[in-house]
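In: quick one: sequence plus predicted model below, questions after.
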Amino acid sequence: MPVIVTAGHVDHGKSALVRALTGREPDRWEQERARGMSIGLGFVWTRLPSGAEVSFVDVPGHRRLVATMLAGAAPAPAVLFAVAADEGWSAQSAEHLAALDALGTGRGVLVVTKSDRADPRPAAAEAQRALAGTSLSGIPVFAVSAVTGAGLPELRAGLDAVVAGQDEAADDSADVRLWVDRSFTVTGAGTVVTATLASGSLRLDDRLRCARTGLLLRVRGLQVCERPVAVARPVRRVAVNLAGGRVDVRRGDALLAPPEAWRPVDEFDVLWCGDPPRPQALTVHFGTAAVSVRVRALGPGVARLRTACAVPVRPGDRLLLRDPGGAGPPVGAVVVDVRPAELTRRGAGPRRGAELLALAGEQVDLPGMAVDLLRRSGFLREEDFRVAGLPVTGQPVAGGRHADPSTWESLAGRVPDEVAGWCAERPLARGMPLPVLADRLSVPSAEITRELVRAAGLSAEDGVVVGRAALPDAVEKGLAAITESLRQNPFRAPEAHDLARAGLGAAELASAVRAGRLLQLAPGVVVLPGADRPAAEVLRGIGDPFTVSQARQAWDTTRRTAVPLLELLDREGVTRRRPDGARELS
């Protein structure tokens, strides 16, 4: 698990502390070692008493290098916050704390260094007072000396507690967004980048897309803690050798995998984590990137950000906005919507802001945001949900798309009137062409139009929607009773005595089936049109394989209905029969 190492002052002894903990030099440049202060990011690692490996990203403490500090701090999940016993809290300490608090960093340790030079208790008490009320409030405190080694065993045990359980909690199946913090070339190997792998896994030969350039890159080699590996899992520091020689990749770039799962955007909505910033030229920091941004308020606590370039953000991401000149404290924000609604009408901004506040709680409600996006879009493909960083929701219809239930119901209700109106204007027409109906309904595909026709109780023959044939009043009355019964239990076909009581004999049933009002599974066995689709959804909840009896129980019906309904699903390719007589979903 990577840990960032930060300090509020350039001389709080953090580099010496890291050397004492790891036996490695975090300052990569001679200039840093000569001046006794970090200028760039340093990367070292060690093994803790439990056997866990922990990586350190050593960030500079000087106030002029806050942007570099944030490039190391933002992707890391924990912090080692250093304060010197002989100097105490400083303005730089407060600036770093404000940035970490805005980023929501909540795990770590507070370390009072140079405890051999002064009593560490006053500095520790002062630092704890400063941390109170922030995301780092209550983190454990350790007093150490890099010179004498005092307190180092206790600190190592404390770091063990910080990283405990993080490997199990990390999602190694998530999409990868690798924020590059260093890029260099190695003779004979080509371009190598380093980064913190916060979630997802990387493998040799994986394809990564650079968000800035769009360039597709191949993973040629991987290292974790200076060891070659075939697979890198979170949360780890990784070095990635990219195929292709010298590649245009730099700090601040995001490498994305799988490439099709990401869609960078330059406009998105956020909730402020605190007071909103003053209108001015601002920079937004996320991952290792720093991008200029324009802010449009949508109401108290909500804003729309427009970045100078497209960035790979998703709902739930934490961002930090600051004045690059250092005026004013940094402000944290959480991304809530990466497919923002158009704001074209008067008052649309405040209305959308109120909607977003209602959808978001202490954590962004991803299922709620998915429902909101589907409501605004009407129809979405599964990949649309994924690139928006949201779970799939809605009613699966056709063509790999999902429909907003209210949109679906409204469109299905319009179909009969649209068809009737078309046919009334054209008495000689056999029916309404399917493409014409699709255009009238503004739906994205012909497959969806066919499903809407079925849901409306009509039929499409040879690309023409046939209007509902007029049925005698007596048949309509009987159909109304049977339809009401089937709506209560869509998979329990009416028995012969139910049909007889409704006045529906063989001839009446045949006319209702021809008119698309009923779906015939077998002679005398009828259900409502479209019942096969929800029947298949019920079967998905059983698990493969399943028997006729299990399907019958899940549908709450009789064998008289279950057998022909399964045979219909077999013909449609939804299910298939196994040699042992059981069935499974295709």
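Out: Nice, thanks for sending it over.

In: biggest helix in the protein, by residue count?
Out: If you go by DSSP state H, the chain has its longest helix at helix 405-425.

In: list the helices and strands that helix packs on?
Out: strand 432-433, helix 434-441, helix 446-455 (3 or more Cβ pairs under 8 Å, 6 or more residues apart in numbering; DSSP states H and E). The C-beta positions use only the backbone N, C-alpha and C, and glycine is treated the same way.

In: same for the longest one, what does it pack against?
Out: Helices and strands in packing contact with helix 446-455 are listed as helix 405-425, helix 434-441, strand 459-461; criterion 3+ Cβ pairs under 8 Å, 6+ apart.

In: cutoff 10 Å now
Out: strand 401-403, helix 405-425, helix 434-441, strand 459-461, strand 464-466, helix 532-540 (3 or more Cβ pairs under 10 Å, 6 or more residues apart in numbering; DSSP states H and E).

In: buried ones in the fourth one, by neighbour count?
Out: In this case it means strand 459-461. Using 16 or more other Cβ atoms under 10 Å as the test for burial, strand 459-461 gives Ser459, Ala460.

In: stretch 159-175: end-to-end distance?
Out: When the termini of stretch 159-175 are compared using Cα to Cα, to the nearest Å, they are 28 Å apart.

In: buried ones in the host helix or strand of Gly72?
Out: Per DSSP states H and E: Gly72 is located in helix 66-73. If you call a residue buried by 16+ other Cβ under 10 Å, then helix 66-73 has these buried ones: Val66, Thr68, Met69, Leu70, Ala71, Gly72, Ala73.

In: so what does the helix or strand that it is followed by touch, helix or strand wise?
Out: Beyond helix 66-73 on the C-terminal side, the first helix or strand identified by DSSP H and E is strand 78-84. Judged by 3+ Cβ pairs under 10 Å, 6+ apart, the packing partners of strand 78-84 are strand 2-7, helix 14-22, strand 53-58, helix 91-103, strand 107-113, helix 120-131, strand 141-143, helix 152-163.

In: return the most buried member of these.
Out: strand 2-7 (a mean of 27; mean count of other Cβ atoms under 10 Å).

In: in space, what's closest to Ser55 - neighbours in sequence excluded?
Out: Arg237 (3.9 Å; Cβ to Cβ, 6 or more residues apart in numbering).

In: from what I can see the one you found touches Val229, true?
Out: No - the pair Arg237 and Val229 does not pass the contact test of Cβ atoms under 10 Å, sitting 11.9 Å apart.

In: which neighbours do those two have in common?
Out: Residues touching both Arg237 and Val229 (Cβ atoms under 10 Å, 6 or more residues apart in numbering): Gln223.

In: neighbour count: these two, which is higher?
Out: Ranked by neighbour count (other Cβ atoms under 10 Å), Arg237 and Val229 place Arg237 first, with 27 against 17.

In: tell me how far that one lies from Gly221.
Out: With distances taken as Cβ to Cβ, to the nearest Å, Arg237 is found 15 Å from Gly221.

In: just Ala297 next, same as before
Out: If you go by Cβ to Cβ, the gap between Ala297 and Gly221 works out to 47 Å.

In: please apply the same query to Leu21.
Out: Taking Cβ to Cβ, one finds Leu21 at 28 Å from Gly221.

In: kindly report the same for Glu355.
Out: 47 Å.

In: do Ala370 as well
Out: For Ala370, the distance to Gly221 - Cβ to Cβ - is 38 Å.

In: and if you look at Ala254?
Out: 20 Å.

In: the two - which one has more neighbours?
Out: Just comparing Ala254 and Gly221: by other Cβ under 10 Å the higher neighbour count belongs to Ala254, 24 against 17.

In: isn't the more buried one up against Ala211?
Out: Yes - Ala254 is within contact range of Ala211, at 4.3 Å (criterion: Cβ under 10 Å).

In: and for those two, which residues touch both?
Out: Arg177, Trp179, Trp262, Pro264, Gly287, Ala289, Val311, Pro312.

In: nearest to Ala125 among those?
Out: Gly287 (34.7 Å; Cβ to Cβ).

In: and the closest residue in space to the closest one that isn't next to it in sequence, how close does it get to Leu80?
Out: In space, not counting the residues next to it along the chain, Gly287 is nearest to Trp179; the distance is 3.3 Å by Cβ to Cβ, 6+ apart. Taking Cβ to Cβ as the measure, Trp179 falls 20 Å from Leu80.

In: wait, is the residue nearest to Gly287 part of a helix?
Out: No - using DSSP: H, G, I helix; E, B strand; the rest coil, the assignment for Trp179 is strand, not a helix.

In: can you count the residues close to it?
Out: When neighbours are counted by other Cβ under 10 Å, Trp179 registers 23.

In: swap in the one 10 residues further on?
Out: Counted by other Cβ under 10 Å, the residues lying close to Ala189 total 13.

In: poorly predicted segments of the stretch 351-500 of the chain, please.
Out: 361-362, 427-430, 467-471 (pLDDT under 70).

In: let me see the contact set for the nearest residue to Ala438 once chain neighbours are set aside.
Out: In this structure, Ala438 finds its nearest non-sequential neighbour in Thr449, 4.2 Å apart by Cβ to Cβ, 6+ apart. With contact set as Cβ under 10 Å, 6+ apart, Thr449 has these partners: 398, 411, 415, 434-441, 443, 460, 465.
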